[in-house]
Structure formats: C-alpha cells, structure tokens
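# Dropping the sequence and predicted coords here.
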Amino acid sequence: AATIVSGNSQTQIVVTANAANGTNGVFGDVVIVANSGATAVKSTSWAYLDEGAISGVSPNFGQLGTRVSITGARLLGSGLSATSVTLAGAAVSSIVSSSSSLVVVIAGSGSSGVLGAVQIVS
C-alpha cells in the first residue's frame, strides 16, 4: 500500500510508497481504487527496491571542510545523484560526487562532539 500525497486530479495521483511487499526489483501492477469503487490498473509498471545501506564512513569524525567518503550499496535508490546529505544532523556544505556505492561530501558546520546518523537523499 501507499500513502496518497495528493490525489484531487483526474490525471495524476502522487503517492509515497510504504513498506515493501514485493521482491526487490520485480515489477508488479499499479492499482488505483477510487472512492466510487472505480479501479484503474497498469500491469508490471513499478518495482520496490531494497533500501540503501551505508557500510562505511571515512573519516568518521572531522570539522567544517573535512572531505568524507560514504560507502555502501544502493546509496541512491533509483535516483541519479545525491541531492542532500547530513552528517550527525548537519547538512554538508557540498556533495563532491555520488554513485550507488560511493558518496563523497565536504562536511558543513555542526555541533562539536555530536555523534549521529548519516543520511543520504537522492
């Protein structure tokens, strides 16, 4: 199932996918059921992908201007590039490069001594 973000149009519905119920990379049907009971189906038109997984952050500490390499798998999901990255809750000052297995960033200003998550949005 998905959560409808906007759906008051006769030609477009925007949804956010919830937990995957399918097999990674296997295409399935998109089914829309209106409050009137009308149904629209597009066969084999969308696939869930496994979430990205970060396996390493190097260095795992630094300061403003530190070049940080983030390695892993599926880091961009189905995107073409990273659009934002945070280190311990602080936005990076720039994204140098991004691929499905490596994202390189320049650390922005953050709170000294704070440990936190690394988040990549593509």
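Now that the structure is in, tell me what you want to look at. Numbering: from 1, shown residues only.
# going forward, measure contacts and count neighbours with C-alpha atoms only.
OK.
# Can you name the residues that contact residue 103?
Neighbour list for residue 103: 69-71, 75, 82, 95-97 [criterion: Cα atoms under 8 Å, 6 or more residues apart in numbering].
# Identify the bridge partners of it.
Residue 103 forms beta bridges with residue 70, residue 98, as assigned by DSSP bridges.
# how much space between it and residue 119?
Distance, residue 103 to residue 119, using Cα to Cα, to the nearest Å: 11 Å.
# Any stretches of this structure with poor pLDDT?
Scanning the chain for pLDDT under 70 picks out the ranges 1, 8, 18-23, 111.
# try 90
In the predicted model of the chain, residues 1-35, 44-51, 77-79, 110-122 satisfy pLDDT under 90.
# Give me the outermost residue of it relative to its centroid.
residue 36 (33.3 Å; Cα atoms, centre = their mean).
# For it, give me phi and psi.
For residue 36, the backbone dihedrals (degrees, to the nearest 10) come out as phi -80, psi -10.
# same thing with residue 88?
phi 50, psi 40.
# close enough to count as contact, it and residue 113?
No: look at residue 88 against residue 113 with Cα atoms under 8 Å: they stay out of range, at 9.7 Å.
# how about stretch 77-94: buried residues?
77, 81-82, 85-88, 90-94 (16 or more other Cα atoms under 10 Å).
# could you pull out the strands for this protein?
2-6, 14-17, 28-33, 39-46, 53-58, 67-73, 84-87, 90-91, 94-98, 102-106, 118-121 (DSSP state E).
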